[in-house]
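Student: Got a sequence here, can you model it:
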Amino acid sequence: MDITTTYIGMKLRSPLVVSASHLGDSIEGLKKIEDCGGAAVVLHSLFEEQLRLEAYEIDHHLTHGTESYPEALSYFPEPQELLIGPEVYLEHISKAKKAVKMPIIASLNGSTVGGWTKYAKKMEEAGADAIELNIYNIPTDMGLPGSEIEKTYVEILASVKSAVKVPVAVKLSPYFSNMANMAKRLVDAGADGLVLFNRFYQPDIDLEQLEVVPNILLSTPMEMRLPLRWIAILYGRLNTSLAATSGIHSATDVIKMIMVGADVTMLCSVLMRYGVEQLVKIERDMIQWMQEHEYESVSQMKGSMSQKSCPDPSAFERAQYMRALATTKTL
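Tutor: Numbering: from 1, shown residues only. Take a look at the predicted model:
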């Protein structure tokens with residue numbers, strides 16, 4: 001049984017990739033993921049705000065009060081000599097590459113062009129096999145048109161692609177007026193892969209403390225429907241890799257995503273809930289299903305149920321909307 005696949009130019013042992021999370025924060029964790037069959041790991045994101053804040057704080061504490069005693073400047077090391085957050089992240093990439101054979105994908109999270117290029121280059125130099133741009137932007141300026149937001153996405157990608165030679169994937173949200181056009185623009189700008197979709201974490205309100213609090217919820221299998229639809233629509237129409245993420249919890253979820261055209265499936269919530277050992281079960285169940293249905297390889301399945309291959313292409317579009325409502329009414 002051939003379960004290998006290719007994602008953004010990298011040949012992987014299977015479509016099971018661990019998505020950006022803290023599961024790969026330790027070398028021991030990475031080794032365990034590899035031992036359980038993980039094909040690759042996306043490290044947790046290095047945040048744009050983190051880069052700005054830490055640079056500001058280091059500069060503030062090293063220069064505070066030195067205007068009174070100029071000679072005091074010589075007592076402190078230069079900022080670049082200190083091991084701050086981003087440097088620890090880069091060191092982790094280097095150690096990871098020495099510890100495991102599976103590809104290590106670094107992740108950058110931000111919303112402006114800013115320091116993306118600089119740190120993308122540093123990630124490449126540290127040994128990252130690829131970079132995932134996790135562009136997370138919730139615009140609240142009522143005077144800012146959608147075209148400007150889309151332009152920023154393209155500019156971020158273009159700036160990073162101009163600085164590195166490793167593959168670059170873009171993790172997208174589904175909230176564009178024309179998702180298909182946005183996907184095409186990113187691919188035209190050089191995206192080696194698209195990761196569908198990013199999950200925006202929504203805040204909650206603590207009624208006792210009367211304050212807004214973060215609220216991180218693990219995904220449910222129902223959330224896979226949205227990326228499933230869009231991967232099915234985009235497959236075969238864009239010259240890029242497609243990665244499915246959000247709501248993938250079982251072998252059947254993985255198989256469905258491959259059938260609509262995904263090169264890989266990215267898992268997180270199910271592994272956080274049940275442990276990375278769940279990778280073993282998912283792979284075993286996937287192989288069993290393929291054997292029972294006489295599939296010899298993942299590549300044989302890929303795209304077989306995409307919009308371009310489906311006997312009823314309208315099933316992924318509005319034409320099926322009324323039929324779905326009518327079916328629900330009869331239940």
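
Student: So which residues of the stretch 101-250 of the chain form strands?
Tutor: 104-110, 130-135, 168-172, 193-196, 204-206, 211-213, 241-245 (DSSP state E, counting those that start in this stretch).

Student: what about Val42, which helix or strand?
Tutor: strand 40-43 (DSSP states H and E).

Student: Keeping just the C-alphas, turn that strand into CSV.
Tutor: The C-alpha coordinates for strand 40-43 follow below in CSV (Å, rounded to 0.1, in the frame of the first residue of the first chain):
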residue,chain,number,x,y,z
ALA,A,40,5.8,16.4,8.9
VAL,A,41,5.3,19.0,11.6
VAL,A,42,4.4,22.7,11.4
LEU,A,43,5.9,24.4,14.5
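
Student: after it comes which helix or strand?
Tutor: strand 46-47.

Student: What is the neighbour count of Val168?
Tutor: The number of residues packed around Val168, counting by other Cβ atoms under 10 Å, is 24. Any C-beta I mention is one placed from the backbone N, CA and C, and that applies to glycine too.

Student: Same question for Thr117.
Tutor: Thr117: 18 neighbours (other Cβ under 10 Å).

Student: hmm, back to that, Serialize the strands of the stretch 101-250 of the chain to CSV and add fields for distance to Met123.
Tutor: Formatted as CSV, the strands of the stretch 101-250 of the chain follow (distance: least, Cβ to Cβ, whole Å):
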stretch, distance to Met123
strand 104-110, 4
strand 130-135, 6
strand 168-172, 10
strand 193-196, 16
strand 204-206, 33
strand 211-213, 32
strand 241-245, 18
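
Student: Turn these into CSV, columns for mean pLDDT and distance to Gly261.
Tutor: Formatted as CSV, the strands of the stretch 101-250 of the chain follow (pLDDT from 0 to 100; distance: least, Cβ to Cβ, whole Å):
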stretch, mean pLDDT, distance to Gly261
strand 104-110, 92, 20
strand 130-135, 94, 19
strand 168-172, 96, 15
strand 193-196, 98, 11
strand 204-206, 89, 35
strand 211-213, 89, 38
strand 241-245, 97, 6
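
Student: Strand partners (parallel or antiparallel) of the strand holding Val42?
Tutor: Strand 40-43 sits in its sheet next to strand 16-21 (parallel), strand 104-110 (parallel), going by DSSP bridges.
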